[in-house]
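# sharing a sequence plus its predicted fold:
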Amino acid sequence: MKPLGPIPAGYEAVGGELAVDGVTASELVERAGGTPLFVYSSRLIRERVAALRAAMPERLAIHYAVKANPYQPILQLFSRLVDGFDIASGGELAMLRQAGIDPALVSFAGPGKRDAELEAAIRAGVTLNLESENEAERAIAIAQQAGITPRLAIRVNPEFDLKGSGMKMGGGAKPFGVDAARVPALARRVISSGAEWRGFHIFAGSQALGAEAIAETQAQTLRLAAQLAEESGAPLPHCNLGGGFGIPYFPGEAALDIALIGERLAERFAELPPVLANTRFCIELGRYLVGEAGIYLTRIVDKKESHGEIFLVTDGGLHHQLAASGNFGTVVRRNYPVAIATRYDAPVEEEASIVGCLCTPLDKLADKAGFPHAEPGDIVAIFCAGAYGASASPATFLGQGPAHEMLL
């Protein structure tokens, strides 16, 4: 049997079933009107934010990266929990505005911003993290034509990356940000244009579980920010240190030690150079805040045997859980944490693969893992489904359509 990933803390069994905040999987499905269903726990999100704040230096602001999960009730919940929001498109800006969130709390990063997106952000008062000299000139021209003072920062492409990260966002040739050597000249151009200078955004990588690596990357980021501020000839009002905090998805992975990260960052803050003395710092996190607070429930509709192997066929699949299927940047497919929700406390009795309803061999949610004996009608739970699930998967593939979503 192939191992399954670790089930996050905070879930329990009620009457033999998986329960979220005391509500069983069967009850959740009944409330939603069927499966497939994403369920998110506001309790777990609140607890995660509180633990993070307790571990990090008080000076550090916490931003939510909307791309992780833009579900409206979650955005509204975070409006009461975090200090700011980071977006990657004009569409995400519209989602935040629909949720009643002040655009002044928002920063906008990402290559390929269209002129219409730049103008919408400038008019709303969003901080633009400029990804190139060309984007800077377009933003300045749009703002001048509109008669608005834009809020501009520069996204920096550092020479280093985040060791052990799932995706490298910095170091070498990248579509993200301005190479560090060219940043001071661009900063002087932005400041001379009359824009409101908002500082730097330096993001080196994501989905890292090594606390030492994250702490060292933050130290490198602070050194680089100080150097670039000195060379730019202006104080640095704000610095986004990026994110990178990961969650354990796969067998053998362990939770991130945020206490160590917070301790090291507090030490760095205590010895900042004068050019950073009045700088406001933040980190932007998405997956770390919501990933483990969500589950995906899908019902078994068929059980079959082929060449001696058992397949549990569900009404869900990769069209909602692309990452769990191993098709979202994973080089070697490994099993997410998965359980038979309606037999949550039952012992392992058989080896089975859990597959979705799509006509592709890629649609596999668990591969040859150990489960309790399950039958059609049972409900399967995929954990770590709070981030990069519903909005990051091809919901319309083969005409399947979106899953239900629910915030408890």
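Alright, I've got the coordinates.
# for the record, mean pLDDT for the longest helix seen in the chain?
Counting by DSSP state H, the longest helix found in the chain is helix 211-232. The predicted model gives helix 211-232 an average pLDDT of 94.
# same question for stretch 45-62.
For stretch 45-62, the per-residue pLDDT averages 98.
# do stretch 301-316 as well
Here the average pLDDT along stretch 301-316 is 98.
# name the residues of that stretch that are buried.
303, 310-316 (16 or more other C-beta atoms under 10 Å). Every residue, glycine included, has its C-beta placed from N, CA and C.
# which residues touch that stretch?
35-36, 296, 298-300, 350-357, 365, 368, 371, 374-376, 380, 403 (C-beta atoms under 8 Å, 6 or more residues apart in numbering).
# with stretch 348-360 instead?
1, 298, 301, 309-319, 325, 338, 363-374, 380, 397-398, 400.
# and these, which are buried?
Using 16+ other C-beta under 10 Å, the buried ones in these are 298, 310-319, 325, 338, 363-367, 369, 371-372, 374, 380, 397, 400.
# quick check: phi and psi at the nearest residue to residue 225 once chain neighbours are set aside.
Among residues not flanking residue 225 along the chain, residue 239 sits closest, at 4.9 Å (C-beta to C-beta, 6 or more residues apart in numbering). Main-chain dihedrals, residue 239, degrees, to the nearest 10: phi -140, psi 120.
# wait, what's in contact with residue 239?
By C-beta under 8 Å, 6+ apart, the neighbours of residue 239 are 199-202, 221-222, 225, 276, 279-282.
# buried subset of the residues you listed?
199-202, 221-222, 225, 276, 279, 281-282.
# ok, then the element right after the helix or strand where residue 118 lies?
In the assignment (DSSP states H and E), residue 118 maps to helix 115-124. Where DSSP H and E defines the elements, the next helix or strand beyond helix 115-124 is strand 127-130.
# so which bits of stretch 343-352 are buried?
Result for stretch 343-352 [16+ other C-beta under 10 Å]: buried residues 343-344, 352.
# mind checking the pLDDT average for it?
97.
# pLDDT weak spots in the protein?
161-174, 331 (pLDDT under 70).
# can we see that at 90?
Within the chain, the ranges that satisfy pLDDT under 90 run 159-177, 203-208, 244, 327-333.
# show me which strand runs longest in it.
In the chain, taking DSSP state E as the definition, the longest strand is strand 294-306.
# tell me which strands that one pairs with, and in which orientation.
strand 37-40 (antiparallel), strand 309-314 (antiparallel), strand 379-382 (antiparallel) (DSSP bridges).
# could you export the ones you listed as a markdown table, including distance to residue 47?
Below are those laid out as a markdown table (distance: least, C-beta to C-beta, whole Å):
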| stretch | distance to residue 47 |
| --- | --- |
| strand 37-40 | 13 |
| strand 309-314 | 30 |
| strand 379-382 | 20 |
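# among these, which is nearest residue 147?
strand 37-40 (41.9 Å; C-beta to C-beta).
# and the angle from the next helix or strand after the closest one to strand 294-306?
Scanning forward in sequence from strand 37-40 by DSSP H and E, the next helix or strand is helix 42-55. On the basis of axes from the mean of the first three to the mean of the last three C-alpha atoms, to 10 degrees, helix 42-55 is oriented at 120 degrees to strand 294-306.
# which residues touch helix 42-55?
Looking at what lies outside helix 42-55 - C-beta under 8 Å, 6+ apart - the contacts are 10, 21, 62, 74, 77-78, 81-82, 258-259, 261-262, 285, 288-290, 292-293, 386, 407-408.
# mind listing residues that contact whichever helix or strand comes after that helix?
Counting by DSSP H and E, the next helix or strand C-terminal to helix 42-55 is strand 60-65. Around strand 60-65, the neighbours that count as contacts under C-beta under 8 Å, 6+ apart are 49, 52-53, 56, 75, 78, 81-86, 107, 240-241, 243, 265, 269, 280-287, 289.
# ranges for the helices of the stretch 51-200 of the chain?
Along the stretch 51-200 of the chain, counting by DSSP state H, counting those that start in this stretch, helices occupy 72-78, 90-98, 115-124, 133-146, 183-192.
# mind putting those helices in JSON lines, mean neighbour count and distance to residue 160 included?
JSON lines is the format used below for these (neighbours: other C-beta atoms under 10 Å; distance: least, C-beta to C-beta, whole Å):
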{"stretch": "helix 72-78", "mean neighbour count": "19", "distance to residue 160": "30"}
{"stretch": "helix 90-98", "mean neighbour count": "17", "distance to residue 160": "28"}
{"stretch": "helix 115-124", "mean neighbour count": "18", "distance to residue 160": "29"}
{"stretch": "helix 133-146", "mean neighbour count": "17", "distance to residue 160": "22"}
{"stretch": "helix 183-192", "mean neighbour count": "18", "distance to residue 160": "14"}
